[in-house]
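> Return atomic coordinates for the entry below.
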Amino acid sequence: MAKKLAVVAIGGNSLIKDNSKVSVEDQYQAAKETAYHIVDMIEAGWDVAIGHGNGPQVGFILRRSEIAAKVEGMHEVPLDVCGADSQGAIGYALQQNLQNELRRRGIEKSVATVVTQVRVDPNDKAFQNPTKPIGGFMDEAEAKRREKEMGWKVVEDAGRGWRRVVASPIPQEVVELPAVKTLLDAGVVVITVGGGGIPVVRNEQGDLQGVAAVIDKDYASSLLAREINADLMVISTAVEKVALNFGKPDQKWIDRMTLAEAKQYLAEGTHFAKGSMAPKIQAIIWFLEAGGKQALITNPENIGRALKGETGTWIVP
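Numbering: from 1, shown residues only. Next comes the predicted model:
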C-alpha cells in the first residue's frame, strides 16, 4: 500500500475548550480527545505530521514571567523562548496521548516532538507595522517605560489598557525540515512547527537568532505541507465546516470548493474573518497552488467522518 502523508494543523484554542477549563490538566484532556481522532487517521493508513497553535499558552507563559519578574532574582522570558517552552509542553501532551491511544489500538508507531525553528525574513514588512498583541495589560506609564527601555512597540487596546504588539511575518523556511523528513520516512508521527515555529532570522554571519515575533500556525503548517509534499492538509478548528458570510443572516455552509472559488471568496473580503478563517483559507490556497492534492477544514471530532466524505469542507485544485 502506497504511503499517504498528511499534515494536521491543530488550533491552540482547540486545547482550551472554554475560559473555565484552562488548567494543564484541562488542556491535557483536550489534547487526549484530539489525539484520539488523529489516531483514527493513522489507523486508516495515513502518516501524519502535526502542527499546532500556542496563542493562549504563550500568553500564560508571558503572564507568569511578568508576575515572577517582580520577585527579586527572577527574570522575564523572551518571546522566542516562550514559544520554545510551549512547543515542549504542548508537544508532550499530544505525544503522550498519541502514544497511549496507539498502544490501546495495538498500533506500533513511534511519536516524536521536534522543537522547531522557522526562519522569517528580517525585511518582512510586518516588522515595520507590528499588530499582534501579546502579554498582559499595562498602564500607560509602564507601557511607555518598556517602549523606551526595551524597544517594545506598545498600543492602547480599546480602553482596556496598553499592550505590547509584535510582528507576524510570513514563514520562509522550516529549519529542522531534514530531521522532520527523516522521522516521517521512518514512519514516526512528528509534532512540529508548534505555534507556527520559533521565529528566527539569519544574521550577517549566517547564524540563526531568535526574534520577537509570532508566526501564524496555519501558514507554517502550509509551508511544512509543501516542503514534505503532503497529499493532504487538514486544518482542525472550532467549526465542522466553512461558511460563506459567517455569522450573517445569509450564512451558507460549504461542503466543497475549488482553489479558484477559495481565491475568489477570500478576495471578496466579506466571507472569512481576518483573525480566524481567512488565514486558514490562505494557507490552503498556497498548499494547493504548490501542487497539493486536497485540503480539509473541520473540527477534531469530525476528522474521521470527514475523511469518509461525510462532513467537513473539502478544498480541491
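
> what lines up beside the helix-or-strand element of the chain with minimal mean pLDDT in the sheet?
Ranking every helix and strand in the chain by mean pLDDT, DSSP states H and E puts strand 132-138 at the bottom, with a mean of 85. Its sheet considered, strand 132-138 pairs with strand 162-166 (antiparallel) by DSSP bridges.

> in the least confident helix or strand of the chain, what's buried?
Under the neighbour-count criterion of 16 or more other CB atoms under 10 Å, strand 132-138 has 132-135, 138 buried. Where you see a C-beta, it was placed from the backbone N, CA and C, and this is true even at glycine.

> What is the nearest of those to Asn229?
Compare each of those with Asn229 using CB to CB and the shortest gap goes to Lys132, at 30.3 Å.

> That closest one pairs with what?
Val166.

> Now do the contacts for it.
Lys132 is in contact with 165-168, 213-214, counting by CB atoms under 8 Å, 6 or more residues apart in numbering.

> just the buried members of these?
By 16+ other CB under 10 Å, the contacts of Lys132 give 165-168, 213-214 as buried.

> For Ile281, state which of those residues is nearest.
Among these, and counting by CB to CB, the member closest to Ile281 is Ser168, at 16.5 Å.

> which of the buried ones among the contacts of Lys132 sit farthest apart?
That would be Val165 and Ala213, which, of those, are the farthest apart (CB to CB) at 10.7 Å.

> Quick check: which ranges of the stretch 201-317 of the chain have low pLDDT?
By pLDDT under 70, the stretch 201-317 of the chain contains no weakly predicted segment.

> mind listing the strands for it?
Secondary structure of the stretch 201-317 of the chain (DSSP state E, counting those that start in this stretch): strands at 208-210, 232-236, 242-244, 252-254, 256-258, 294-298, 313-316.

> helices or strands up against the first one?
Think strand 208-210. helix 79-104, strand 117-120, strand 198-202 (3 or more CB pairs under 8 Å, 6 or more residues apart in numbering; DSSP states H and E).

> Give me the residues contacting the last one.
Outside strand 198-202, the residues within contact range by CB under 8 Å, 6+ apart are 80, 83-84, 87, 115-122, 169, 175, 208-215.
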